[in-house]
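Trainee: This is the structure alone, sequence omitted:
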């Protein structure tokens, strides 16, 4: 189950499977389930992985596998993948039964055609959904609202209604309940803002490395936004985030709804959404904007070879980064 849908809830599936088992004189000895997991790939699905391992290793103490319907293996974009997992079970002498399908999985020509159609329908349903989600998220992002993705250190998610009136600050793990509500970014505490400015100052003016900055923060007893010590990888995440100068100019699909959609985005050929400065979110910056060109140049230089970047002027002319161009134009 990837979402809280009534039809595919774990409880409903278990009830249907139990009824099927009683009707066919079967006894349920073990249950494998994946709650809140994406069905696009087997990675991150411990229930399915454990089932396949038990069957292949010979540890399975059962001779039937009861599945709610064909799509519960997963909505894999390669329809042969779900067929492959079913084949592994059959090869090990375990029969697969579908409890909510109108056909019997008996290996006949009709059942083979029906299963192929159902697998293709499951994959196509995800592809169509991804197009709608991508279009909707791009539109919301173009209006200057926050679309998914956790916020970084020193930032908060402010939920507003359709009239832009603030309703509440969303804590970690909280989400808006109404589709008409939107989320905007706002500053955190003054102490967190001071830490952000210190990070930019240490990186730009003091020429400190990522390790030096993270070590200095940990020595001062300052925890990150998750309440844990800082690591070297967190510093470049802050330095390269345009949210800290008040202008999130690039909304990429992976930032909008997570990396779990990467396979479909590659299939559809969708890329990042670039927005002009006129549609940038209006917010004051946590980091001094005068630091941003130098910080962006040093950040770029540390990630590229020295031949790519020779000076801040060369970087701003060749890369044409929207945020940096906006800063220099002012």
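Mentor: Noted; the coordinates are in hand. What you are looking at is a predicted structure, and each value in this text was computed from that prediction instead of being measured. Numbers count the residues shown, from 1 in each chain.
Trainee: Could you look up the SS state of residue 65?
Mentor: Using DSSP: H, G, I helix; E, B strand; the rest coil, the structure places residue 65 in strand.
Trainee: Next one: it from residue 119, what distance?
Mentor: Residue 65 is 17 Å from residue 119, where distance means CB to CB, to the nearest Å. Just so you know, the C-beta spots here come from the backbone N, C-alpha and C atoms, and that holds for glycine as well.
Trainee: More neighbours: which of the two?
Mentor: Neighbours per residue (other CB atoms under 10 Å) separate residue 65 from residue 119, with residue 119 holding more: 23 against 18.
Trainee: Spatially nearest residue to residue 26 (excluding sequence neighbours)?
Mentor: residue 64 (6.0 Å; CB to CB, 6 or more residues apart in numbering).
Trainee: which residues does that neighbour form a beta bridge with?
Mentor: Counting by DSSP bridges, residue 64 is bridged to residue 95.
Trainee: can you pull the buried residues of stretch 50-59?
Mentor: Neighbour-count burial for stretch 50-59 flags 51, 52, 54, 55 (criterion: 16 or more other CB atoms under 10 Å).
Trainee: repeat for stretch 165-180
Mentor: Judged by neighbour count using 16+ other CB under 10 Å, the buried positions of stretch 165-180 are 170, 176.
Trainee: Likewise for stretch 89-103?
Mentor: Using 16+ other CB under 10 Å as the test for burial, stretch 89-103 gives 89, 94, 96, 97, 98, 99, 100, 101.
Trainee: now do stretch 143-160
Mentor: Quick answer for stretch 143-160 (16+ other CB under 10 Å): 144-148, 151-160.
Trainee: do the same with stretch 129-137
Mentor: 130, 134, 137.
Trainee: got the residues you listed as CSV, with secondary structure columns?
Mentor: Converted to CSV, the buried residues of stretch 129-137 look like this (three-state DSSP):
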residue, secondary structure
130, helix
134, helix
137, helix
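Trainee: got JSON lines for these, with distance to residue 105 too?
Mentor: Shown next, in JSON lines, are the buried residues of stretch 129-137 (distance: CB to CB, whole Å):
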{"residue": "130", "distance to residue 105": "29"}
{"residue": "134", "distance to residue 105": "35"}
{"residue": "137", "distance to residue 105": "38"}
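Trainee: Closest one to residue 76 out of the residues you listed, please.
Mentor: Checking the buried residues of stretch 129-137 against residue 76 with CB to CB, the nearest one is residue 130 at 13.7 Å.
Trainee: State the pLDDT value of that closest one.
Mentor: pLDDT for residue 130: 81.
Trainee: With residue 299 instead?
Mentor: For residue 299, pLDDT reads 58.
Trainee: My guess is residue 104 contacts residue 110. True?
Mentor: No. Under the criterion of CB atoms under 8 Å, residue 104 makes no contact with residue 110, lying 9.0 Å away.
Trainee: so residue 62 sits in a strand?
Mentor: No. Residue 62 is assigned coil when assessed by three-state DSSP, not a strand.
Trainee: Quickly note the distance from it to residue 10.
Mentor: From residue 62 to residue 10 the distance is 19 Å (CB to CB).
Trainee: Residue 236 now?
Mentor: Applying CB to CB to residue 236 and residue 10 gives a distance of 40 Å.
Trainee: ditto for residue 141
Mentor: 33 Å.
Trainee: Using just helix, strand and coil, how would you label residue 116?
Mentor: Per three-state DSSP, the local secondary structure of residue 116 is helix.
Trainee: That one - how many residues pack around it?
Mentor: Residues near residue 116, counting by other CB under 10 Å, number 14.
Trainee: Nearest spatial neighbour of residue 14, chain-adjacent residues omitted?
Mentor: residue 31 (7.0 Å).
Trainee: Next, count neighbours for the one you found.
Mentor: As a burial measure, residue 31 scores 12 neighbours (other CB under 10 Å).
Trainee: pLDDT on stretch 191-208, on average?
Mentor: 86.
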